[in-house]
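# The sequence and its predicted three-dimensional model are supplied below.
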Amino acid sequence: MKMLRFFFFTLVGLMALEGLANGENDPKKQPRQGVRRIVIDAGHGGSDPGARGRYSTEKDICLAISLRLEQMLKQEMPDVDIYMTRKTDVFDPVTVKARMANEAKGDLFVSIHVNSAEGIRHRELSHYETRTVKNSKGKKITKKVPVYRTWTSPNPAKGTETFIWGNNKNEEKLGAMQENENLYLDSVSARELADFDPYDPVKFQLYSLKSKQYFERSALLAVTVEEEFQKFGRISRKAQQRQKGIWVLHAVAMPAVLIETGFISNPEEEDYLNSEQGQIEICTAIVRALKRYKFSLENKSSNTQSSISPSRGGQR
Ligand SMILES: [Zn+2]
């Protein structure tokens, strides 16, 4: 019986995969080819300020950039719908944001963030002080002791980096999904596979196929975004894979990137991130990347041989 079941599932699985490749299935269940709706997610908000600079917060910069990006996209890509996860200073947990994006049936999720690196601590000999101390025999003696001066200077880290959900531990990831079915179902329901059962080999194959496609598209966009930033003279810390701290990218049922637009911890970049010129440059680079991404998908000339390496870490 088990053998028969396995055979049946394999057969149906192969048929389903073939149907998907030939475009024979219900069109509602097809991966969408073009880019019709882009979800813009301004990071943090409300009670969650994100990283702090000398005078500004990540949440405010993310919102300002996202609103500007929305306006620019409406002008530059009029055939694309823009869905914003927030347009005001409000907080929603990433689970809610992921659900919003899935319910909006976006074709792409772009999360806007600002980076931060811890300040560098310094310690320097300032002077010597004469103090009276007791020696080991209990006798009072005077002694010269060094006094140090400590201070923190801003971390010089600067530039942009674009993250995608790491795909380097695929099996582990799928295992984690089976363990946490609720989380998984959340994202799958929007994939219009509402009756998804992670233990069902047919659905599992379909999921894997989509998952692979989303990964490749996310990687393509991430690399393109970084290329466009470099054209404005920004330092690119590259497109990177990561799994920590960017769960939202994994929970949305669409290709997804998280763009770190600059370091709020670097005074020069904090000014840039808050300036009109800086925000226009950032948005222009992202719009150009989105246009290139859309064009490559719609003209099927996408070559997603990206060289994204796993992240060494960083800060959200
Ligand atoms: Zn952030």
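Ah, there it is. Model, not experiment: these values are computed from the prediction.

# buried sites along the longest helix anywhere in the chain?
Looking across the chain with DSSP state H, the single longest helix is helix 201-231. Residues 201-207, 210-211, 214-226, 228-229 are the ones in helix 201-231 that count as buried (16 or more other C-beta atoms under 10 Å). To be clear about C-beta, it is placed using only N, CA and C from the backbone, and glycine gets the same treatment.

# go on, stretch 80-98?
80-86, 92, 94, 97-98.

# is stretch 249-257 anywhere near the ion?
No. Judged by C-beta under 5 Å from the ion, stretch 249-257 and the ion are separated, with a smallest distance of 12.3 Å.

# end-to-end on that stretch?
With C-alpha to C-alpha, to the nearest Å applied, stretch 249-257 spans 7 Å between its terminal residues.

# What of stretch 40-58?
16 Å.

# tell me the helices in this protein, going along the chain?
Shown for the chain, the helices assigned by DSSP H span residues 2-22, 58-76, 94-103, 170-179, 181-189, 201-231, 247-251, 267-274, 276-298.

# Quick one: name the residues of the stretch 1-150 of the chain near the ion.
Within the stretch 1-150 of the chain, the residues that sit near the ion (C-beta under 5 Å from the ion) are 43, 50, 113.

# count of residues packed around the second one?
G50 sits with 19 neighbouring residues when counted by other C-beta atoms under 10 Å.

# Could you list the alpha-carbon positions for stretch 204-219 in PDB?
Backbone C-alpha positions of stretch 204-219 (Å, rounded to 0.1, in the frame of the first residue of the first chain) are rendered in PDB as follows:
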ATOM      1  CA  PHE A 204       6.200  19.700  -1.600                       C
ATOM      2  CA  GLN A 205       7.700  19.500  -5.100                       C
ATOM      3  CA  LEU A 206       5.600  22.400  -6.200                       C
ATOM      4  CA  TYR A 207       6.700  24.400  -3.300                       C
ATOM      5  CA  SER A 208      10.400  23.600  -3.900                       C
ATOM      6  CA  LEU A 209      10.000  24.600  -7.500                       C
ATOM      7  CA  LYS A 210       8.500  28.000  -6.600                       C
ATOM      8  CA  SER A 211      10.900  28.500  -3.800                       C
ATOM      9  CA  LYS A 212      13.900  28.000  -6.200                       C
ATOM     10  CA  GLN A 213      12.300  30.500  -8.600                       C
ATOM     11  CA  TYR A 214      11.800  33.100  -5.900                       C
ATOM     12  CA  PHE A 215      15.400  32.600  -4.700                       C
ATOM     13  CA  GLU A 216      16.800  33.100  -8.200                       C
ATOM     14  CA  ARG A 217      14.600  36.200  -8.800                       C
ATOM     15  CA  SER A 218      15.500  37.700  -5.400                       C
ATOM     16  CA  ALA A 219      19.200  37.100  -6.200                       C
END
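
# 5 is where my numbering starts, stick with that
Understood, numbering begins at 5; the last thing we discussed is stretch 208-223.

# Now find how far off-centre it is within its chain.
17 Å (C-alpha atoms, centre = their mean, to the nearest Å).

# Could you list the low-confidence segments of the chain?
Residue ranges of the chain with pLDDT under 70: 5-37, 172-203, 207, 305-320.

# Looking at it, which residue is nearest the ion?
H117 (3.6 Å; C-beta to the ion).

# show me what contacts the closest residue in space to that residue that isn't next to it in sequence?
Nearest residue to H117, sequence neighbours excluded (C-beta to C-beta, 6 or more residues apart in numbering): G47, at 4.0 Å. Residues in contact with G47 (C-beta atoms under 8 Å, 6 or more residues apart in numbering) are 54, 62-63, 66, 115-118, 262.

# so what's the backbone phi/psi at G47?
phi -60, psi 150 (degrees, to the nearest 10).

# Grab the most central residue of the protein for me.
Nearest to the mean C-alpha position of the chain, counting by C-alpha atoms, centre = their mean, stands L262 at 2.4 Å.

# From what I see, that residue and F167 are in contact.
Yes. Between L262 and F167 there is a contact under C-beta atoms under 8 Å: 4.4 Å.

# Next, show the common contact partners of those two.
Residues touching both L262 and F167 (C-beta under 8 Å, 6+ apart) are 250, 253.

# So Q245 is in contact with E165, correct?
No. In this structure Q245 lies outside contact range of E165 using C-beta under 8 Å: 11.2 Å.
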